[in-house]
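*Asks:* Give me a model of this one.
(chains A and B)
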Number of protein chains: 2
Amino acid sequence: MDKKNFSNPVDLKSIKVTDEFWHREQELVRTQVIPYQWEALNDRVPGAAPSFCMHNFKVAGKMMREKQTKGKDYVAPTYTFRGFEALPEDPQHPDDDKFFGFVFQDTDFSKWIEAVAYSLTQHPDTELEKIADEAIDIVCAAQLDNGYLDTYYIINGMDKAFTNLKDHHELYCLGHLTEGAVAYYEATGKDKLLKAACRFADYVADYFGPEEGKCKGYPGHEIAEMALVRLYQVTGEEKYLQLSCFFLNQRGTMPKYFALEDEARAKAEGTGFKANEDPMSYSYYQAHKKVQAQDEAVGHAVRAVYLYSGMADVARLTGDEEMLAACERLWNSITREKLYVTGGIGGTHIGESFSFPYDLPNDTAYSETCAAIGLAFFARRMLEIKADRKYADVMEQALYNTVLSGMALDGKSFFYVNPLEVVPQACHRDDRKAHVKAVRQKWFGCACCPPNIARIVSSVANYAYTENKDTLWIHLYMGSVLTRRIGEKELHMKLETKMPWEGTAKVELYTEEAVECTLAFRIPGWCNDFRIIPSSGADVTMTEKDGYVYLTGLWKDGDCIDLDFPMEVHMLASDTRVREDIGKVAFTRGPITFCMEEADNGRNLHLCRVDKSRIQVGDKWNVSVEMSKELGHNMAVLKVPGLRQEESPMQQENLYTEYRPMKETKTELTLVPYYAWNNRGEGEMSVWIRI
Amino acid sequence: MDKKNFSNPVDLKSIKVTDEFWHREQELVRTQVIPYQWEALNDRVPGAAPSFCMHNFKVAGKMMREKQTKGKDYVAPTYTFRGFEALPEDPQHPDDDKFFGFVFQDTDFSKWIEAVAYSLTQHPDTELEKIADEAIDIVCAAQLDNGYLDTYYIINGMDKAFTNLKDHHELYCLGHLTEGAVAYYEATGKDKLLKAACRFADYVADYFGPEEGKCKGYPGHEIAEMALVRLYQVTGEEKYLQLSCFFLNQRGTMPKYFALEDEARAKAEGTGFKANEDPMSYSYYQAHKKVQAQDEAVGHAVRAVYLYSGMADVARLTGDEEMLAACERLWNSITREKLYVTGGIGGTHIGESFSFPYDLPNDTAYSETCAAIGLAFFARRMLEIKADRKYADVMEQALYNTVLSGMALDGKSFFYVNPLEVVPQACHRDDRKAHVKAVRQKWFGCACCPPNIARIVSSVANYAYTENKDTLWIHLYMGSVLTRRIGEKELHMKLETKMPWEGTAKVELYTEEAVECTLAFRIPGWCNDFRIIPSSGADVTMTEKDGYVYLTGLWKDGDCIDLDFPMEVHMLASDTRVREDIGKVAFTRGPITFCMEEADNGRNLHLCRVDKSRIQVGDKWNVSVEMSKELGHNMAVLKVPGLRQEESPMQQENLYTEYRPMKETKTELTLVPYYAWNNRGEGEMSVWIRI
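*Replies:* Residues are numbered from 1 along each chain as shown, chains lettered A, B, ... in the order given. Take a look at the predicted model:
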């Protein structure tokens, strides 16, 4: 590892995203998603599944107050455990003093507060900050004196705490709480929630660890690993980094902790226990091998990329070369064998998991929004270790396509699952596709995706830029103004671009005094040629490495850089091992992947194909790009020469008839960006098109 | 309905199948399957799932003997109900006096005895008959004094009898017992088992019926409907026909019986009951509508076609025109929207069911062997009402392809599920395909398919010929000798053919005196042209109707008929609504559907396609037909001009790369009959091939 090239995301307070494309998305999150989620957290959205999140914090807080009043005589009420999701008799009025919802329901708040924090950096809002502060008060009031803070066990009885790390998401709750707390502290300087997170983390650090007598467990659902690294970075407390290392290094050790835990629980409950002999069953949790030995991305896709993100963090901070090598192997496993052309991951809904290499079904895809978000986390962390275009290309692909596909263009409904081919009838009538929704949903009981979108969209600048003392890396191109402190000096940078629709960008620099530093511009993998031209007065040298152009020198006020990454239409074929895509092509342009929709192309999209005889003109694809405002914002639409096969007559006597050259009519296929699909009612969609 | 054209299957004792193709299959059943199954029924097959079938009959019989000894003091032991499958501690030594296996385990015997019966008509075997008689003794010894005969309830406690018709298959057991008993009586003249079946049916007829106070239920798994018709036909007892009518007409009545039953059971057990509000949940059992109102084939595919078979029987015998119209609609629903090109049915493993119209996935197909067998039952019964080629074409397609695919060429292993595309890795690594086995299995705990194959193969002549007073219909062409009694006279017929490999056949007639009758020959749907030429001396008229040629006249000794149905290779395309098959073709020749196998064509069959530029020569397909003995018997193999796409380089950096016209090499694709696939070890297979 070359520490010289390590970097960190820029401070969000030093940057404003002004970009037409991303500013629109951030405003959606700010004006629609965050207020809506706050209502949802408080069970005030008619017709949507209640969250019970704030209810649970209030119940736990009330218990704490009673304890304070009654002092030592207090005995916590105990309830029967209700499994993963507990529901009140009347879901709209959960006035019982009980825990409701999923075991990890606390994280609804944690993700929301994180999104709020990022949003405040881009758009200060005293009213929202007040609501957030009050929410934090409610949450902190629920914390036990010893620092523990998970309402499921606080309400249901602490005797069972940490007895089911595999399935009960306690350490996942710690992780999300920490992420939210750090973000809120960084955004506002207020440390009440950060202190609560530290106290919970301290409690966990006392409970778990390599020392004798401490618990040897680790999270069933990863995220604490990377969250603890953030806590370490913001507090400087080594023990949080050590706790993260401990959790990582425990995975895959023998005997398997989850089996010991299952056994202990069965013993305590007096039920039978049978050890699970199948080593692969642990791969769902990425606990089948030591993390340093893992080489294939397996199991629950969100957990996997959250783990790999934590591994990358820890590898960077501890210099664990074996762990980094594992990260690189896992990266290759994902991107060479398990990645959709939409930047999505997770081929199977069974276990919401990665499937086997090259198994990337389009119509039964899982491709969870959160998994694409997690892939961006992983990519950004690999970039922090080494700026290599390959990471940024995939990060960009995930962000512009599957992540944004997760949210409707009005910010009011969401996809969990992001298939690459949809026939609504099949989703409605075929239980094998029951996980694929034909339209976005308002809110989920298990609401991971909507708030996850909110937090990544609000903090997208953290994915666009990383920096170290010497260098500012521009990984993604989005209109923004940014201030960089170099010693005592400040360099102000303004980037303007019409990405993702045009490949040009212009950077202007303003500074009171000339400053020495390096600006590193990514050459996107999707352009075959590029121009990066500093203004004539700029006294800089230019080098190229791993897909980045490094401009180094003394920057003066008024220096400019013109960037041009020609944005051609690409017609892609998949690796021949991807059986589902054989004989088909997909279209991309810049970071955007396109798809056909019924709204533009009529029903029975499977009858459409690209007209091979007309698709090529010289050495270019004969595809025209048109800008459209039909869906309420500027976006590119592709027009592709196509053929449409004539349908069989209705009520044909025989399903199978002698082959005849197909009757096909020439047509023009209209392709819209994948992120924008399904904003015109229910209909068919397909990314891959026969040729 | 035109009763004049009603027909019945010929008496199996009057016919011998001499055909090379079918005789081989029948000999497999006789020499391999029947003895193997007898061992399996007695739990003597090492490594195979035990049946417990004869064990259960013996336990029940012992209880009966104890009762006889102890007289009125006898109290039947009671056991806890164990749900669908009960297993002993040591499966190989179930010496407990308990019931083991599935609730319908008795039918293992019933199907076996039925296959034995048919086999005895074709190949008398005193030793086998002796084993069968002894088995019948064991079974009959278990029958209660009142006639009831289902060991599950006899052993576990009769207080629960008929309390779970929906799931506990009691009336299914009655149905199979009856089918076996009738077949054994018809084959051997021995009526011990027939009497037992009558007594059980009498008991059921006393228990169920329209009269006040009688139970209004009907079978959860159909078969009793058609079995009772057979019992009626062999005994002349009207009440069996009436019971069958009652069962049919009860389906879909309100309130739904299964809900009442669920409620009563919940009440008796003191557990909660919540009425199932979803009317479609009854479609699994075909109880969602009155049978006369049904128009789409839905639910569990085997149950469905067993029901439709019973409906066709009852419509014919009672003249219920509405029921016949429903049969015709259901037939069209299957054959126009839900039939695989292999004659298989049941598109989804979820509920082993029909999927929605035109949803015929190849790789996740269910296409259960038993469902194809049931489709042949249904087709034959429709032919008994009206000889229309369309029924025989589908019957032939099911029999020659999916039914036979269910059994290995050595008769030693079996497929439940008959997919049209298999990639072994996907079956092993992808739980979405867990139901698809990459190789045939030896024996199943739920052993419906192997004995079902045995009984249909042994009685295949019943599908080839039906007759009435005037006419003998030849629906399928297979070498056979047959004696037909017309009044006091006998007409002997010998049919010789090399079907399914050559399209010619020759019929020779022998008779002491000239006899007047009609011979009706089906013109197979797969031939475009045909010749049917009586020998010059034959004094007959020839008419054609609904795909049959009727030769009527006075037949003399030595008269012959030459038949020629030219057998071309067909390259079929599916209806454009079948999304899975778009851009693909399948090959058939005569009744045989072909497929590609890895053994002949290498791995990655998805890279192969038909070479459009070479596939046509004049107005013929450029496909050569070769006879092969490679798989141990004569069979045709097709050689198709093909192309094979070059594979992407191993460890290619990017999954998706710019489209380039594919590098393809010319190749010759080898196609084997679908029924013969997977007899050379595990490997890929595909019926549909890209073009």
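*Asks:* pLDDT weak spots in the stretch 101-250 of chain A?
*Replies:* Confidence mapping of the stretch 101-250 of chain A against pLDDT under 70 gives zero matching residues.
*Asks:* Tell me where it has helices.
*Replies:* In the stretch 101-250 of chain A, the helices defined using DSSP state H, counting those that start in this stretch lie at A:107-122, A:126-141, A:151-156, A:170-188, A:192-207, A:224-235, A:238-250.
*Asks:* Between those helices, which one is closest to chain B.
*Replies:* Smallest distance to chain B across those (CB to the nearest CB): 23.6 Å, for helix A:151-156. For the C-beta atoms, the positions are set from N, CA and C on the backbone; glycine is no exception.
*Asks:* Now do the buried residues in stretch A:516-531.
*Replies:* A:C517, A:T518, A:L519, A:A520, A:F521, A:R522, A:I523, A:P524, A:G525, A:W526, A:F530 (16 or more other CB atoms under 10 Å in any protein chain shown).
*Asks:* okay, now the domains of chain A?
*Replies:* As assigned by automatic domain parsing, chain A contains the domains A:286-461, A:468-564, A:569-690.
*Asks:* tell me which strands and helices the host helix or strand of A:M571 is in contact with?
*Replies:* A:M571 belongs to strand A:569-574 when assigned by DSSP states H and E. Other helices and strands packing on strand A:569-574, by 3 or more CB pairs under 8 Å, 6 or more residues apart in numbering or on different chains; DSSP states H and E, are strand A:584-589, strand A:620-621, strand B:656-658.
*Asks:* Hey, what's the angle from it to strand A:584-589? Just curious.
*Replies:* Counting by axes from the mean of the first three to the mean of the last three CA atoms, to 10 degrees, strand A:569-574 lies at 140 degrees to strand A:584-589.
*Asks:* what is the rounded mean pLDDT of strand A:569-574?
*Replies:* Confidence for strand A:569-574, expressed as mean pLDDT, is 97.
*Asks:* need the contact list for the spatially closest residue to A:G525 that is not a sequence neighbour.
*Replies:* The shortest distance from A:G525 to any non-neighbouring residue, by CB to CB, 6 or more residues apart in numbering or on different chains, is to A:D393 (4.0 Å). Residues near A:D393 by CB atoms under 8 Å, 6 or more residues apart in numbering or on different chains: A:P524, A:G525, A:W526, A:G547.
*Asks:* among those, which are in helices?
*Replies:* Among these, no residue falls in helices (DSSP state H).
*Asks:* For the residues you listed, work out which two are farthest apart.
*Replies:* Of all pairs drawn from the contacts of A:D393, the greatest distance, 11.4 Å, lies between A:W526 and A:G547 (CB to CB).
*Asks:* Please identify which of the helices of the stretch 101-250 of chain A is closest to A:R609.
*Replies:* helix A:107-122 (41.9 Å).
*Asks:* Show me where the stretch 301-450 of chain A dips below the pLDDT cut-off.
*Replies:* Low-confidence segments of the stretch 301-450 of chain A (pLDDT under 70): A:443-446.
*Asks:* what residues does it put near chain B?
*Replies:* Residues of the stretch 301-450 of chain A found near chain B (CB under 8 Å from any CB of the partner chain) are A:335-337, A:339, A:341, A:348, A:350, A:355-356, A:359, A:364, A:390, A:423, A:425-426, A:429-432.
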